[in-house]
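Trainee: I'll drop the sequence and a predicted model, then ask my questions.
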Amino acid sequence: MADPFQQNPGEARRRVDRDILRLAVPSLGALVAQPLFVMVDSAFVARVGTVSLAGLGLASVVVTTVVALSVFLAYSTTAAVSRAFGAGRRAEAIARGIDACWLALAIGALSCLLLLAAGDPLLALFGPTDGVLAEAGTYLHISAFGLPAMLAVQAATGLVRGLQKATIPLVVAGIGATVNVPLNWMLIFGLDLGIAGSAIGTIIAEWGMAIALLTVVARGARRNGVSLRPQLKQVASAGRDSVPMFVRTLTLRVVLLVSTFVATDLGAVQLAAHQLALTLFNLFALALDALAIAGQALVGRYLGASDTATVRAVTSRLVSWGVGGGLVTAVLLLVVSYTAPALFTPDVAVQENLRAALWVLIIAQPIAGYVFVLDGVLMGAGDAPYLARVGVLTMIATLPGAAWVAWTDLPGMWALTGVWISCTLVFMIARAVSLGVRVRGDAWMRLGA
């Protein structure tokens, strides 16, 4: 068979671009919806008080860590489903996704119980003030009941994306994010529930999204004659196959937790600013991650079809899109750094610290775009063992800078800047090097379903 990338490279490149955009654009909306939940919570709770905002920041780090550590439910599912789909095995693809959904519900239920039992001691490890600890505990205990829904959303989303259908998660996430705004406003201010209202509103929206996506999955399974019953051996197998991705994600969260630990030690003002900066970071990071989602689905699909030429073309175009997208988000963040601080909080000290952290994030954006797309490519290829190994190495390379900030006596704003330089900029550079070296070779390409 003739190679279309040699016969007509211009048309082949445009086809790849269309495939990327067909998946990335709706994925962008779905990905951005989740940090919008946190952004709305942060903006509302900031009006309740700085201590409440700091408590939200601390509790959110714990909750989002559980969710992020389980992101393999989306990423591994996308890769497995897209490979089977590319090989022409649609029923098998759906069955793999259903196994992942059951695994997600089980992990979510267990995580809920663990946070209810050990949440307070875990929060206390960060060393917050009594006021911050009380607010964080309230938010954590309530939001824990939303974990099964959050993880089920990840697995179901991975299934439909693996089937090359990215619009469904966009619609569900868009409705959830829209409902979350008035719901939180009513609970926080209308019923005067404060930070508890924020947690209640968010879990209601999350469960609504989970039910909607699982309904879509169930209908698709019935159409293709796939059983909805949990197949315990396959569920256990899916869990074992996801261990390397769990390790890779764990290294990312360790760096985030270290940054939050250091920011907590700096004081409530720095912790509040750190929380707001993380909220914006997640918003713009997930916007770039939309390209990585496209990479996962397309690379998995074409490796399943043993089409290495298209895999290479997709990788090359994704790198261009990623770096370009990083430059765009850097410009947007520059504008945000002068407008968002006053919108988020009336506390001038928090505003100044937030702006300092955002300037570091601006510099890191083009590197982040490169890192995210290559991360997605290797996930789609099922190269999780490599991602796990280099994840440990890049984590180790990042920690000395954070330790130096913790042990020195820098002024508050400069100390927070140091946290973001070590845990964001240096971390991204280390990841860029490790991922770039890998994709230059062919060892990551595993063909077939």
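Mentor: Cool, got the structure. Computed from a predicted model, the values in this text were never measured in an experiment.
Trainee: point me to the helix or strand that includes the nearest residue to residue 69 once chain neighbours are set aside.
Mentor: The shortest distance from residue 69 to any non-neighbouring residue, by Cβ to Cβ, 6 or more residues apart in numbering, is to residue 249 (5.3 Å). Any C-beta I mention is one placed from the backbone N, CA and C, and that applies to glycine too. Residue 249 belongs to helix 243-266 when assigned by DSSP states H and E.
Trainee: for that helix, packing partners?
Mentor: If you count contacts as 3 or more Cβ pairs under 8 Å, 6 or more residues apart in numbering; DSSP states H and E, helix 243-266 packs onto helix 50-69, helix 72-86, helix 268-304, helix 384-407, helix 412-420.
Trainee: just to revisit the earlier point, can you report how many residues lie near the residue nearest to residue 69?
Mentor: Neighbour count for residue 249, taken as other Cβ atoms under 10 Å: 22.
Trainee: assess the claim that it and residue 67 are in contact.
Mentor: No: under the criterion of Cβ atoms under 8 Å, residue 249 is not in contact with residue 67, lying 10.2 Å apart.
Trainee: nearest to residue 192, of the helices and strands packed on helix 243-266?
Mentor: Of all the helices and strands packed on helix 243-266, helix 50-69 sits nearest to residue 192, with 12.7 Å by Cβ to Cβ.
Trainee: quick check: angle from that closest one to helix 268-304?
Mentor: 20 degrees (axes from the mean of the first three to the mean of the last three Cα atoms, to 10 degrees).
Trainee: show me what helix 50-69 packs onto, helices and strands only.
Mentor: Checked by 3+ Cβ pairs under 8 Å, 6+ apart, helix 50-69 has helix 9-48, helix 90-124, helix 130-143, helix 147-162, helix 195-223, helix 243-266, helix 268-304 packed alongside it.
Trainee: now with 10 Å?
Mentor: helix 9-48, helix 90-124, helix 130-143, helix 147-162, helix 195-223, helix 243-266, helix 268-304, helix 348-380 (3 or more Cβ pairs under 10 Å, 6 or more residues apart in numbering; DSSP states H and E).
Trainee: before we move on, back to that, let's have the helices and strands packed on helix 243-266 in CSV, adding mean neighbour count.
Mentor: CSV is the format used below for those (neighbours: other Cβ atoms under 10 Å):
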stretch, mean neighbour count
helix 50-69, 24
helix 72-86, 28
helix 268-304, 27
helix 384-407, 18
helix 412-420, 21
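Trainee: which stretch in the ones you listed is the model least sure about?
Mentor: Of all those, mean pLDDT reaches its minimum on helix 72-86 (a mean of 78).
Trainee: what angle separates that helix from helix 268-304?
Mentor: 20 degrees.
Trainee: so what does helix 72-86 touch, helix or strand wise?
Mentor: Counting by 3+ Cβ pairs under 10 Å, 6+ apart, the elements that helix 72-86 packs against turn out to be helix 90-124, helix 147-162, helix 232-241, helix 243-266, helix 268-304, helix 348-380, helix 384-407.
Trainee: against which helices or strands is the helix or strand following the longest one packed?
Mentor: Think helix 268-304. Going down the chain from helix 268-304, the next helix or strand is helix 308-344, by DSSP H and E. Packing partners of helix 308-344 (3+ Cβ pairs under 10 Å, 6+ apart): helix 4-7, helix 9-48, helix 268-304, helix 348-380, helix 426-439.
Trainee: residues in contact with the closest residue to residue 28 other than its chain neighbours?
Mentor: Once flanking residues are discounted, residue 28 sits nearest to residue 290: 3.7 Å by Cβ to Cβ, 6+ apart. Contact partners of residue 290, counting by Cβ atoms under 10 Å, 6 or more residues apart in numbering, are 20-21, 23-32, 166, 321, 325, 372-373, 376.
Trainee: ok so, going back, roughly how far out does the helix holding residue 249 sit from the chain middle?
Mentor: 13 Å (Cα atoms, centre = their mean, to the nearest Å).
Trainee: model confidence over it, on average?
Mentor: The model assigns helix 243-266 a mean pLDDT of 85.
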